[in-house]
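# dropping a prediction and its sequence here:
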Amino acid sequence: MKNHFDYEARENCFQKCEHVATRLILGDPARIPEPWLTVLVPTYRRTELLKEALESILIRQQHVDFFWDVVVIDNEPDDGKPNETEKLIQELDHPRILYYRNSEHIRPGDNFNRGILLARGKWVTMLHDDDLLMPHALSCLGKLIRAYDEEKHPLGAIAASYSQIEYDPIRNELKADIAASNQYFMSLPMSYDIYRITHNNVKILAHIGGTAPTCGCTFLRQAVLEAGGFNEDFGISGDLILFYNIERSYLVIAPLSPLGYYRWGDNGMVKSESTYRVIQDNYDFREYIYQKHPVIGRLFRNCHYKKFTTDAVEEHNKVSGERLYLADYDEIYSGRPNLLWYLFYKCVISRIYICHKKMQGISYGKKAARKMEREE
C-alpha cells in the first residue's frame with residue numbers, strides 16, 4: 001500500500017476548512033423556509049455549463065409535492081466584486097436559489113462538505129455544474145425516499161445512475177438529443193427496482209458500488225454529518241468511500257433507471273492521469289479491505305485488480321482518443337491471476353453474485369411498490 005489511511009475512522013472533515021468563510025450573496029431563505037430537499041450545485045468558473053445545469057433543475061422539473069430549494073456554492077474566491085457566476089444568478093433571478101461564494105478556493109471535496117453544511121433540506125441531491133437532471137428526477141427521488149426510508153432501516157443515500165453524454169467543448173455542443181432522451185425516459189413507468197449497495201460489493205466485485213455524487217445522487221444530510229463528510233485525502237474515489245461509510249448505519253440503494261446526464265468531454269475524468277488515480281486509489285482501498293479479510297485477498301486480489309483495471313481502461317478508451325493498456329499500470333500492481341481461475345471468478349462467482357443482487361433488487365422493488373400503493 002502507498003498510504004496508511006484508516007478509511008473507516010469517522011474523521012470530521014468539515015473542520016478542515018473552518019477558516020474559510022462562505023458568504024450568502026444572493027437569495028432569501030425566507031422564500032422557502034423549510035425545504036424537504038436541497039439540490040446542491042458546487043461550481044467553479046463554468047458559467048455556460050452551470051446555466052444549462054440550473055435550467056435542468058429550475059425550468060424542466062416536473063411538479064412535486066414537497067418543498068425544495070437550490071444551493072449554488074461558488075468556489076471562485078470572493079473578492080467582493082460580482083463575477084460571471086454571480087451575474088448569471090442575478091440574471092436567472094429565481095426564488096429557489098441561494099447563491100454562496102467562498103472566501104478562498106478550496107478542494108472539491110471540501111466544497112461538497114461546505115455545501116452539506118449550508119443545505120437546509122433533510123435530503124441533499126447533488127448535481128455537478130457540468131451535468132444535467134432529467135425532468136422527472138426530483139419526482140422519482142421523492143417516491144424512492146418515501147418507499148425505502150423506514151424507521152427500522154433508515155435510508156442514508158441514493159446512488160443515482162446516469163446516462164452518459166459526450167460533449168464537444170470546442171464547439172460547445174452536446175452530441176446527444178436531450179429532448180428526445182428526456183421524452184423516452186419520462187415515458188417509462190416508475191420503477192422501484194434497485195441495486196442495494198453493501199460492503200460485500202468490494203469483496204466480490206472489486207468495486208465499492210455507487211457512482212460519482214452528481215446527476216441526482218441524494219444523501220440524508222444527517223448521514224453525511226455522522227460519517228464525517230467527504231474526505232478529499234482519500235483521493236479521487238473519496239465519494240465512493242463516503243457511500244461505504246454511510247452503509248455502516250444506513251441503507252444505500254442505487255435505482256436502475258437514470259436520473260440525469262453525465263457529461264464527458266469537459267471534465268477531468270477523461271484524462272489519463274484521472275484513470276491512473278482511480279486505479280491507484282481503488283487498489284489502496286482494496287488492500288485495506290484485504291487486511292481486514294485476508295482470505296478475500298488471497299483468493300481474489302489478482303482477479304480484482306485485473307477486472308477493475310481492465311474496466312477502467314476500457315471506459316477511458318471509449319470516451320477519449322487515447323489508447324491505454326492493463327500493462328500501463330504495472331507500477332501500481334503487476335500481479336496477474338491464473339487464467340482458469342480468472343475465468344471461473346469472472347464467469348461464475350461474479351455472475352452468481354450479480355444475479356443474486358438482481359433478484360434481490362426486484363424483490364425490494366415489489367415490496368416498495370406495494371408500500372406506495374397502500375399509501376396512495
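Sure thing, it's come through. Residues are numbered from 1 along each chain as shown.
# CA only for contacts and neighbour counts going forward, please
Noted.
# give the contact list for Asn113.
For Asn113, the contacting residues are 13-14, 229-230, by Cα atoms under 8 Å, 6 or more residues apart in numbering.
# 10 Å instead?
The contact partners of Asn113, taken as Cα atoms under 10 Å, 6 or more residues apart in numbering, are 13-17, 107, 119, 224-225, 228-232.
# max pairwise distance over those residues: which two?
In the contacts of Asn113, two members sit farther apart than any others by Cα to Cα. They are Ala119 and Glu232, at 19.5 Å.
# those two: which is more packed in?
Between Ala119 and Glu232, counting by other Cα atoms under 10 Å, Ala119 is the more crowded of the two (23 against 19).
# separation between the residue lying closest to the more buried one once chain neighbours are set aside and Cys140?
Counting by Cα to Cα, 6 or more residues apart in numbering, Thr38 is the residue found nearest to Ala119 once chain neighbours are left out, at 6.0 Å. The gap separating Thr38 from Cys140 is 15 Å, by Cα to Cα, to the nearest Å.
# again, but for Thr47
28 Å.
# show me where the stretch 101-250 of the chain has its helices.
Taking DSSP state H, counting those that start in this stretch as the criterion, the stretch 101-250 of the chain carries its helices at 108-118, 137-148, 178-187, 200-205, 221-227, 238-246.
# can you redo these as JSON lines with distance to Ala254?
Converted to JSON lines, the helices of the stretch 101-250 of the chain look like this (distance: least, Cα to Cα, whole Å):
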{"stretch": "helix 108-118", "distance to Ala254": "20"}
{"stretch": "helix 137-148", "distance to Ala254": "10"}
{"stretch": "helix 178-187", "distance to Ala254": "17"}
{"stretch": "helix 200-205", "distance to Ala254": "13"}
{"stretch": "helix 221-227", "distance to Ala254": "16"}
{"stretch": "helix 238-246", "distance to Ala254": "11"}
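# show the contacting residues for Tyr250.
149, 152-157, 198, 220, 223, 243.
# filter these down to the buried ones, PyMOL style.
Selecting just the buried residues from the contacts of Tyr250 in PyMOL takes one command, with 16 or more other Cα atoms under 10 Å as the test:
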select buried, resi 149+154+155+156+157+198+220+223+243
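# biggest separation within the contacts of Tyr250, which pair?
Using Cα to Cα, the pair of those lying farthest apart is Lys152 and Phe243, separated by 19.3 Å.
# how many neighbours does Leu118 have?
18.
# before we move on, what about Lys122?
Around Lys122 there are 16 residues (other Cα under 10 Å).
# I'd like the distance between Asp93 and Leu54.
12 Å.
# what about these two, which has more around it?
More crowded of Asp93 and Leu54, by other Cα under 10 Å: Leu54, with 24 against 12.
# Three-state assignment for the more buried one, please.
Taking DSSP: H, G, I helix; E, B strand; the rest coil as the rule, one finds Leu54 in the helix state.
# that one contacts Asp69, correct?
No - between Leu54 and Asp69 there is no contact under Cα atoms under 10 Å: 11.6 Å.
# shared neighbours, the two?
Taking Cα under 10 Å, 6+ apart as the criterion, Leu54 and Asp69 both touch 39, 97.
# now do the contacts for Gly216.
With Cα under 10 Å, 6+ apart as the criterion, the residues that contact Gly216 are 39-40, 124-128, 131-134, 137-138, 140-141, 158-162, 258-261.
# again but with Ala137, I slipped
Applying Cα under 10 Å, 6+ apart, the residues contacting Ala137 are 56-57, 60-62, 125, 160, 186, 215-216, 258-260.
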